[in-house]
Structure formats: structure tokens, C-alpha cells
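K.L.:
coords please:
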Amino acid sequence: MITRIKKREIVAELTEKLKDATGIYLINYESMSVEETNKFRNELREKDVYYKVAKNTLLKKALENAEGIKFPDETFKGASGMVLCYEDPTVPSKIIEKYFKDNARPELKGASLDGQMFDGTQLKTIASLPSKEDMMSSIVGSLSAPASGIAGSMGALIRDIASMVEEVAKKQNAA
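P.N.:
Numbers count the residues shown, from 1 in each chain. Sure, this is the predicted structure:
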């Protein structure tokens, strides 16, 4: 039995962790073996993703304390684990999807990515989202494309002028 003090500590820890999270995932980890759970935890840890298993009431309280993040009540049925990420909010979805493909667990109950809510049926949608790094590189590529186009056009223009000057010089030398 968890004491009230321990419950408060868990809620305080989760509330603090939730403040800077860009991605919040609630999963059902029931029927995962100890070996699967340990592999899952290790893979999350390698990607700097925080994972905590706690009672639903404690998870719900921590979410309420953290700027009122609200998941539907049906999300808190069964065993729940919370996955939090701080950099790229799509990283956990790819890990969860990988494990789900292999053995249909853990099951996604719901997710909040940068404030946008997703229900448990949208795991494939979330996992297919490009990472922040991919999006940033495509934006930079889009921004630099006009500049490189202008530079290419200017280079072609200078080349054309140089070849015209050369042709004119050849004609004058021949005459």
C-alpha cells in the first residue's frame, strides 16, 4: 500500500516532469512480460524519453496540476503508464508502434503532442509524422531554394555575358 506522502511525491514528480514535456503518451502496458517491459523502458531511455507507471488517479492528478492538461476519463481505465518526451514529440510514437506491431502491446490510450490531442486509434498517424529535425531541414531547404536559384541565374547570366564578349572580340579580331 502506498502512503499518502509517497502519493504526493509521485504527483509532484510527474507534475514537474509534465511542465516541459512536448509529448505526453498514455499507454496500457497490461500483458507485457517483464522482459518486454524492460526492453521497452531501455529503448525509451536511450532516446531520452521518460516513462513512469503509476495509479490512474495519480496520473490524472498530475495532469490536472500541470496546466490543466485533460485526457478523456475513459483513457484512465486499466493499467496506465505515462511516456514523456522533451525534444521531438514523435519519437515515443515510433517506439510504441514498433512494439505494438511485434506483439500488440503496449496499447496507446491517448497522446498530447504540443497541445494537440490524439486518441488511441491514431498511433499510425502520430508515428508517420515527420520528426522535428526533418521538418526543420525541409523548411531550411525551402527557404534556401530561392536564394540558390537566384545565385544560379546570376551565374548563368554572367556566363552568357562573358561568352558574348568573347564572340564579339573574336569577330573584331577577325575583321
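
K.L.:
Domains in the chain, by residue range?
P.N.:
4-129, 130-175 (automatic domain parsing).

K.L.:
the helices in this protein, which residues?
P.N.:
Using DSSP state H, the helices of the chain run over residues 4-19, 34-46, 56-65, 91-103, 123-128, 132-174.

K.L.:
Check what pLDDT Leu143 gets.
P.N.:
pLDDT for Leu143: 69.

K.L.:
Ok, Pro72 next?
P.N.:
Looking at Pro72, its pLDDT reads 90.

K.L.:
Counting neighbours, what do you get for Gln122?
P.N.:
Neighbour count of Gln122, defined by other CB atoms under 10 Å: 15. For the C-beta atoms, the positions are set from N, CA and C on the backbone; glycine is no exception.

K.L.:
can you pull the contacts of it?
P.N.:
Counting by CB atoms under 8 Å, 6 or more residues apart in numbering, Gln122 touches Leu108, Ala111.

K.L.:
give the contact list for Ile10.
P.N.:
The neighbourhood of Ile10, defined by CB under 8 Å, 6+ apart, consists of Ile2, Ala54, Leu58, Ala62.

K.L.:
what's the lowest-pLDDT member of those residues?
P.N.:
Least confident of the contacts of Ile10 in the model: Ile2, at 81.

K.L.:
Just list the residues touching that one, thanks.
P.N.:
Applying CB under 8 Å, 6+ apart to Ile2 gives the contacts Ile10, Lys55.

K.L.:
Ramachandran coordinates for it?
P.N.:
The phi and psi values for Ile2, taken as degrees, to the nearest 10, are phi -80, psi 130.

K.L.:
Flag the helix or strand of this structure with the lowest per-element mean pLDDT.
P.N.:
Within the chain, no helix or strand scores below helix 132-174, which has a mean of 68 by mean pLDDT, DSSP states H and E.

K.L.:
which regions of the chain sit below the pLDDT cut-off?
P.N.:
68, 132, 134-136, 141-157, 160-165, 168, 175 (pLDDT under 70).

K.L.:
my guess is Ile126 contacts Cys85, does it?
P.N.:
No - using CB atoms under 8 Å, Ile126 is not in contact with Cys85; the gap is 11.7 Å.
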